[in-house]
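A.B. asks: Any chance you can model this:
(chains A and B)
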2 protein chains.
Amino acid sequence: MADNRRFHLATRPEGTPDSDTFDLREVDRPEPAPGEALVRVLYLSVDPYMRDRMRAGESYAQPWEVGGPLYGGAVAEVVESNGAGFEPGATVVGNLPWAEYASADGSDLTPVDTGDLPVSTALGVLGMPGRTAYFGVREVVEPKADDTMVVSGAAGAVGSVAGQLGGLQGADVIGVAGSDEKVEWLTGDLGFTAGINYETEDVRERLGELADGVDAYYDNVGGPVTDAVWSHLNVDARVGICGQIALYNDEEIPTGPRKLGKLIETRARVEGLLVRDFAPRFREATAHLGELVARGDLGYRETVTEGIENAPDAFLGLFDGENVGKQVVKVAETSE
Amino acid sequence: MADNRRFHLATRPEGTPDSDTFDLREVDRPEPAPGEALVRVLYLSVDPYMRDRMRAGESYAQPWEVGGPLYGGAVAEVVESNGAGFEPGATVVGNLPWAEYASADGSDLTPVDTGDLPVSTALGVLGMPGRTAYFGVREVVEPKADDTMVVSGAAGAVGSVAGQLGGLQGADVIGVAGSDEKVEWLTGDLGFTAGINYETEDVRERLGELADGVDAYYDNVGGPVTDAVWSHLNVDARVGICGQIALYNDEEIPTGPRKLGKLIETRARVEGLLVRDFAPRFREATAHLGELVARGDLGYRETVTEGIENAPDAFLGLFDGENVGKQVVKVAETSE
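C.D. replies: Sure, this is the predicted structure:
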């Protein structure tokens, strides 16, 4: 009995994915094997890194199989536990298929404890994006008091947290984002020192006006925005490469200015970042972020798309900057 | 009385400098002011970084003035001391004009003590290039036992030392150089594990055959050689950007593949390097390098061009890879 819907990868996209990339199948609810739980998905996370998993080539993540399900972070409710260690009704988070129902090994599920905050925050400010910002700021970009820190993709799930964490360290934080509405959110609500709308302003020129060079750069975007920031790097600047969303849909590695010479002039350090390297410290990060939100020191926003059938649109919107803050897909209501 | 010759910058070169860039003037020997010495230059150093000083734009070094003298590292003999703190006949090293005779403040001169080695080594293996290799390997590239380390410009003054220091740390060292003769020197005399002639071999392909990825990369060259190494970076690789000689003659920043995404995949760290940042530790470096040479653990070679009038050719030859090891210009014999 087909009482479940699940997205599969229809074909590997060339360039920007579109609706042909995704195949929503009517399938049966899985039977949980011993040690597994059957869960009902409440919220799906869509994230830029997923574009990379659609690719056959080498990457830091295993590619998705053509014909196989799409996976991602999801918040779900346990329906039935076959010795998975959870009570029915428990809210959990894990890596699950883009589906209404799924089975998962209990050891791959984590209880959701977002306190007074919506459970969807376990996919955003208190989830992978928040932790990515936390470790990237703390371990790689290291903004210090009176530093000028720039964040690209600043109104995204990671960038919005990273910038606020930089501000809490005493840095002057300049966010680069793609609309005036986003810039207003950053400076009006989140305490960013300034914002640049890269769609309407010359980032290089504006940065020159706003700051005396850049000491710390948290990069989620790459491409021309990063070129503009690069030309303002100060001596001993730190650059964290967290994402390169501007390039993810390119089939060939795109070209741009050769930037390494600037590192000799500045002795800047550039380092890539994957949050999973910090897995043993996830609890520390989540606890810290939760406290900051509770104290009112860390703001967040979610863009919620309703209905699993709209997950592809939510995903594709990331590349057009349609989300403010964390983009999630609401698949079902909690049963309470 | 014009009893001295000195090179001046005739004009700022566009693209590759040529003989029109340099103006050899007949000038008077300077009178040493109080605290200064008159010195007779024995050896001049020509180095790739000097191309940058011919440029008007921003850089880590002050640009040379059009019409003003060219400067560089030089070994010289003190002719006359006007309270400079040196005896006549003393051999010194310092930053001096490209000239036969020059005056210099005593505090800007350092006694040359190269032991049994020729005084010219104070410009090479025991001088700035040797120290650059020493600090770059030790503080930035950090090759460890069983790492695969790649060095570009491997047969140059810096690269040849950097590769050997990596080998002494237990790394397998692959040198990239521009001729079979150079590759033979690296592998036959200097103990490099392997060499690649980038003029006749596909660096990317050869690296794939020679090694299971690259853990440490000491880059003197930039451009396509660096692109090739980049695609082989391993997780947690370290890249030291010491020079980008392939790009120094470009008037506009050249374009190349956008490389930052690879840093997410590998979490590699890329850092620029300027030896002058380590000035307080120069003595440590020189002593260490001197011991290694004395023990026979560190080989070196010098390419000596005779006559100050040939200094421009010696400099320009750097960009065509005409030197093996350190390129110096012999201006005069020692008086002994």
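A.B. asks: quick one: A:Leu24 from B:Arg238, how far?
C.D. replies: 45 Å (C-beta to C-beta, to the nearest Å). All C-beta spots, glycine's among them, are computed from the backbone N, C-alpha and C.
A.B. asks: With neighbour numbers in mind, choose between those two.
C.D. replies: Each of A:Leu24 and B:Arg238 has its neighbours counted (other C-beta atoms under 10 Å in any protein chain shown); B:Arg238 has more, 23 against 17.
A.B. asks: Would you state the secondary structure element containing that one?
C.D. replies: B:Arg238 is part of strand B:233-241 when elements are defined by DSSP states H and E.
A.B. asks: Domains of chain A: list them as residue ranges, please.
C.D. replies: A:4-124+A:301-330, A:128-276 (automatic domain parsing).
A.B. asks: out of the ones you listed, which comes closest to chain B?
C.D. replies: domain A:128-276 (3.1 Å; C-beta to the nearest C-beta).
A.B. asks: In contact with A:Gly299, which residues are there?
C.D. replies: A:Ser160, A:Gln164, A:Asp189, A:Leu190, A:Gly191, A:Val293 (C-beta atoms under 8 Å, 6 or more residues apart in numbering or on different chains).
A.B. asks: packing partners for the host helix or strand of the last one?
C.D. replies: When elements are defined using DSSP H and E, A:Val293 is found to belong to helix A:282-294. Of the remaining helices and strands, those touching helix A:282-294 by 3 or more C-beta pairs under 8 Å, 6 or more residues apart in numbering or on different chains; DSSP states H and E are helix A:128-135, helix A:157-168.
A.B. asks: and the domains of chain A as CSV, adding distance to B:Thr110 and mean pLDDT?
C.D. replies: Formatted as CSV, the domains of chain A follow (distance: least, C-beta to C-beta, whole Å; pLDDT from 0 to 100):
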stretch, distance to B:Thr110, mean pLDDT
domain A:4-124+A:301-330, 48, 95
domain A:128-276, 24, 97
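A.B. asks: Kindly reformat those as JSON lines containing distance to chain B.
C.D. replies: Output for the domains of chain A, formatted as JSON lines (distance: least, C-beta to the nearest C-beta, whole Å):
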{"stretch": "domain A:4-124+A:301-330", "distance to chain B": "5"}
{"stretch": "domain A:128-276", "distance to chain B": "3"}
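A.B. asks: Mean neighbour count, those domains: which tops it?
C.D. replies: domain A:128-276 (a mean of 22; mean count of other C-beta atoms under 10 Å in any protein chain shown).
A.B. asks: sorry, back to before: what are the contacting residues of the strand holding B:Arg238?
C.D. replies: Contacts of strand B:233-241 (C-beta under 8 Å, 6+ apart): A:260-261, A:263-264, B:136-137, B:140-142, B:148, B:213-219, B:222, B:262, B:266-273.
A.B. asks: Which ones among those map onto strands?
C.D. replies: B:Thr148, B:Val214, B:Asp215, B:Ala216, B:Tyr217, B:Tyr218, B:Asp219, B:Arg269, B:Val270, B:Glu271, B:Gly272 (DSSP state E).
A.B. asks: What residues are bridge-paired with A:Ile174?
C.D. replies: When assigned by DSSP bridges, A:Ile174 has beta-bridge partners A:Val150, A:Ala194.
A.B. asks: rewinding a little: quick one, the helix holding A:Val293 and helix A:157-168 angle?
C.D. replies: Put simply, helix A:282-294 runs at 70 degrees to helix A:157-168, going by axes from the mean of the first three to the mean of the last three C-alpha atoms, to 10 degrees.
A.B. asks: Put the alpha carbons of helix A:282-294 into CSV.
C.D. replies: Provided in CSV are the C-alpha atoms of helix A:282-294 (Å, rounded to 0.1, in the frame of the first residue of the first chain):
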residue,chain,number,x,y,z
PHE,A,282,28.6,19.2,18.8
ARG,A,283,27.0,19.2,22.2
GLU,A,284,29.1,22.1,23.3
ALA,A,285,28.2,24.1,20.3
THR,A,286,24.4,23.4,20.6
ALA,A,287,24.4,24.3,24.2
HIS,A,288,26.3,27.5,23.7
LEU,A,289,24.0,28.6,20.8
GLY,A,290,20.9,27.7,22.8
GLU,A,291,22.0,29.9,25.6
LEU,A,292,22.7,32.8,23.3
VAL,A,293,19.3,32.6,21.8
ALA,A,294,17.7,32.3,25.2
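A.B. asks: And the helices in the stretch 201-336 of chain A?
C.D. replies: Assigned by DSSP state H, counting those that start in this stretch, the helices in the stretch 201-336 of chain A fall at A:203-210, A:223-230, A:261-266, A:282-294, A:311-319.
A.B. asks: can you redo the ones you listed as TSV with distance to A:Asp180?
C.D. replies: Output for the helices of the stretch 201-336 of chain A, formatted as TSV (distance: least, C-beta to C-beta, whole Å):
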stretch	distance to A:Asp180
helix A:203-210	13
helix A:223-230	16
helix A:261-266	30
helix A:282-294	26
helix A:311-319	18
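A.B. asks: which residues touch the residue nearest the centre of chain A?
C.D. replies: For chain A, the residue sitting closest to the mean C-alpha position, by C-alpha atoms, centre = their mean, is A:Pro129 at 4.3 Å. Neighbour list for A:Pro129: A:Asp47, A:Leu123, A:Gly156, A:Ala157, A:Val158, A:Val161, A:Lys326 [criterion: C-beta under 8 Å, 6+ apart].
A.B. asks: Give the bridge partners for the residue lying closest to the second one once chain neighbours are set aside, please.
C.D. replies: Put plainly, it is A:Leu123. The shortest distance from A:Leu123 to any non-neighbouring residue, by C-beta to C-beta, 6 or more residues apart in numbering or on different chains, is to A:Ser45 (4.1 Å). As for beta bridges, A:Ser45 partners with A:Val328 under DSSP bridges.
A.B. asks: dump the residue contacts of A:Ser45.
C.D. replies: By C-beta under 8 Å, 6+ apart, the neighbours of A:Ser45 are A:Gly72, A:Gly73, A:Ala74, A:Leu123, A:Gly124, A:Gly127, A:Met128, A:Lys326, A:Gln327, A:Val328, A:Val329.
A.B. asks: switch to 10 Å and redo it
C.D. replies: A:72-75, A:93, A:95-96, A:98, A:120, A:122-124, A:127-129, A:157, A:311, A:314-315, A:326-329 (C-beta atoms under 10 Å, 6 or more residues apart in numbering or on different chains).
A.B. asks: Please apply the same query to A:Glu65.
C.D. replies: Per C-beta under 10 Å, 6+ apart, neighbours of A:Glu65: A:His8, A:Leu9, A:Arg12, A:Ala56.
A.B. asks: one more time with 8 Å
C.D. replies: A:Glu65 neighbours (C-beta under 8 Å, 6+ apart): A:Leu9.
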